[in-house]
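[1] prediction below, plus the sequence it came from.
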Amino acid sequence: MSHTQDNKYSAQDLFQPYTIKHLTLPTRIVMSPMARAFSPDGVPGPDVAAYYRRRAENGVGLVITEGAIINHPAATSEPRLPKLYGEAALNGWAEVVRQVHEAGGKIFPQIVHMGMIRANGSQPNPEAPSIGPSGLDLEGNQINAPMTAEEIAGVIQAYADAALHAKEIGFDGIELHGAHGFLIDQFFWEKTNRRTDRYGGDLLNRARFAVEVVQAVRAAVGPEYPVAMRLSQWKMGDYQAKLADSPEQLELLLNALVEAGVDIFHCSTRRFWEPEFAGSAFSFAGWVKKLTGKTTITVGSVGMDNDPAEAGAEAEEHPGLEGLVERLGLGEFDLVAVGRALLGDPAWAAKIRDGRLSELQPFTPEAVGTLN
Ligand SMILES: Cc1cc2nc3c(=O)[nH]c(=O)nc-3n(C[C@H](O)[C@H](O)[C@H](O)COP(=O)(O)O)c2cc1C
């Protein structure tokens, strides 16, 4: 898209720097966290470093890595997802960070515990039972016992340890995965959190686990280090789920997280343009920005408008790059995360920046199986 006199906003707006605390991102394009499972024994190798570097070299301002696993035996179901603990994995990550920095980009790890999304008996620690606030899976089936107070305290400490490791090896900030029905979100969601102690009950009590995780992370990394949290209304297996069914409820949740120390909200939606609440065109990211004034990242089908695999309602309604940069220009959000389009084409952002639209490689599901 070119900058003409009729267009108040331009794709070039995506390539303006953005500063948060002491961190300046060279562009507004964020690589969305995407689990890739290319790290044998949880150790990211040179191919993983080169994969992230290619995006940083090509116009991505901030890489948010695939979910990196905290130090708890039941945190993952897949031994090839990278760990954020242990010397070998941390050395691997240090090289990823070095390469992204050399290419001029910034990088956060996404810090993850899967909770009850992990099936009992999963590798690499099949003997460790899966854990969740009430031991329920995302369908609400009772699988295991609820987490004990000691388990909760231990897992909170493991999130804080992971954040400190990230800071020590040079990551520019961290993102906590509080979305999609993973462990933190299992506490938020009433379907998976039936606790009657201080971690369960109304929305604020269900947010207590997240608040304590953020407080512990903040205590570990200090006041100046950027801390992001990814949130979503939807859950894996339930796209209609809602944590907050009104802006007032959302505000309650967000205020608690801001007070605990969140700087950046990564607002996960499947389509960045969809209104979040009836009576307003504002997206989820738009509401979060309006309610908190904090840095917000939008996400959902950016760059997927011309994709044959996305035919149907999504393709027809997609407002395209014009719609995206207009919302950015109007201040609805600050940063734009891109997932699948960046898997399909490592140079997606640079091609948008340079107007090389005919050269864009579309996303195909096969892209998930390779580390191009
Ligand atoms: C292969 C793949 C793996 C993903 N893994 C994660 C993940 O580890 N953590 C996360 O928060 N989201 C994950 N997501 C969701 C993406 O970050 C993103 O929100 C989603 O793909 C929508 O953005 P898009 O339309 O630009 O692809 C994953 C998506 C894909 C396609």
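    Looks like it came in fine.
[2] what parts of the stretch 51-200 of the chain come near the ligand?
    Counting by CB under 6 Å from any ligand atom, the stretch 51-200 of the chain comes close to the ligand at 66-67, 110, 177, 179-180. Glycine gets a C-beta too; all of them are placed from N, C-alpha and C.
[3] filter these down to just the buried residues.
    Neighbour counting with 16 or more other CB atoms under 10 Å marks 66-67, 110, 177, 179-180 as buried within those.
[4] Q110 in helix, strand or coil?
    Three-state assignment for Q110 (DSSP: H, G, I helix; E, B strand; the rest coil): strand.
[5] correct me if wrong: L62 contacts L25.
    Yes: here L62 reaches L25: they are 5.0 Å apart, a contact under CB atoms under 8 Å.
[6] and the two? which has more neighbours close in?
    Neighbours were tallied for L62 and for L25 using other CB atoms under 10 Å; the higher tally belongs to L62 (30 against 23).
[7] can you list the buried residues in whichever helix or strand L252 is part of?
    Using DSSP states H and E, L252 sits in helix 247-260. Neighbour-count burial for helix 247-260, counted by 16+ other CB under 10 Å, picks out 247, 249-254, 256-258, 260.
[8] equivalent analysis for stretch 100-116, please.
    So, applying 16+ other CB under 10 Å, buried residues of stretch 100-116: 100-101, 103, 105-116.
[9] would you format the buried residues of helix 247-260 as TSV with pLDDT and distance to the ligand included?
    Conversion of the buried residues of helix 247-260 to TSV gives the following (pLDDT from 0 to 100; distance: CB to the nearest ligand atom, whole Å):
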residue	pLDDT	distance to the ligand
P247	97	22
Q249	97	22
L250	98	19
E251	98	23
L252	98	23
L253	98	18
L254	98	18
A256	98	21
L257	98	16
V258	98	20
A260	98	20
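[10] show me where the stretch 251-372 of the chain has its helices.
    Under the criterion DSSP state H, counting those that start in this stretch, the stretch 251-372 of the chain carries helices at the ranges 284-292, 313-317, 320-329, 340-344, 348-353.
[11] of the ones you listed, which shows the lowest average pLDDT?
    Lowest mean pLDDT within the helices of the stretch 251-372 of the chain: helix 313-317, a mean of 65.
[12] where does the protein have its least confident helix or strand?
    Ranked by mean pLDDT, DSSP states H and E, the weakest helix or strand in the chain is helix 313-317, scoring a mean of 65.
[13] the residue of the chain found nearest the ligand - how many residues pack around it?
    With CB to the nearest ligand atom as the measure, G339 is the residue of the chain nearest to the ligand, at 2.7 Å. By other CB under 10 Å, 21 other residues sit near G339.
[14] can you show me the CA trace of stretch 167-185 as PDB?
    Provided in PDB are the C-alpha atoms of stretch 167-185 (Å, rounded to 0.1, in the frame of the first residue of the first chain):
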ATOM      1  CA  LYS A 167      16.800 -11.400  32.000                       C
ATOM      2  CA  GLU A 168      20.200 -12.900  32.900                       C
ATOM      3  CA  ILE A 169      20.800 -14.300  29.400                       C
ATOM      4  CA  GLY A 170      19.800 -11.000  27.700                       C
ATOM      5  CA  PHE A 171      16.200 -11.300  26.700                       C
ATOM      6  CA  ASP A 172      14.600  -7.800  26.400                       C
ATOM      7  CA  GLY A 173      11.500  -8.600  28.500                       C
ATOM      8  CA  ILE A 174       9.200 -11.600  29.000                       C
ATOM      9  CA  GLU A 175       5.700 -12.600  28.200                       C
ATOM     10  CA  LEU A 176       3.600 -14.800  30.500                       C
ATOM     11  CA  HIS A 177       1.200 -17.100  28.700                       C
ATOM     12  CA  GLY A 178      -2.100 -16.300  30.400                       C
ATOM     13  CA  ALA A 179      -4.300 -17.200  27.400                       C
ATOM     14  CA  HIS A 180      -5.900 -20.100  25.500                       C
ATOM     15  CA  GLY A 181      -6.600 -22.300  28.500                       C
ATOM     16  CA  PHE A 182      -3.000 -22.900  29.600                       C
ATOM     17  CA  LEU A 183      -2.300 -23.000  33.400                       C
ATOM     18  CA  ILE A 184      -2.700 -19.300  34.300                       C
ATOM     19  CA  ASP A 185      -5.900 -19.200  32.200                       C
END
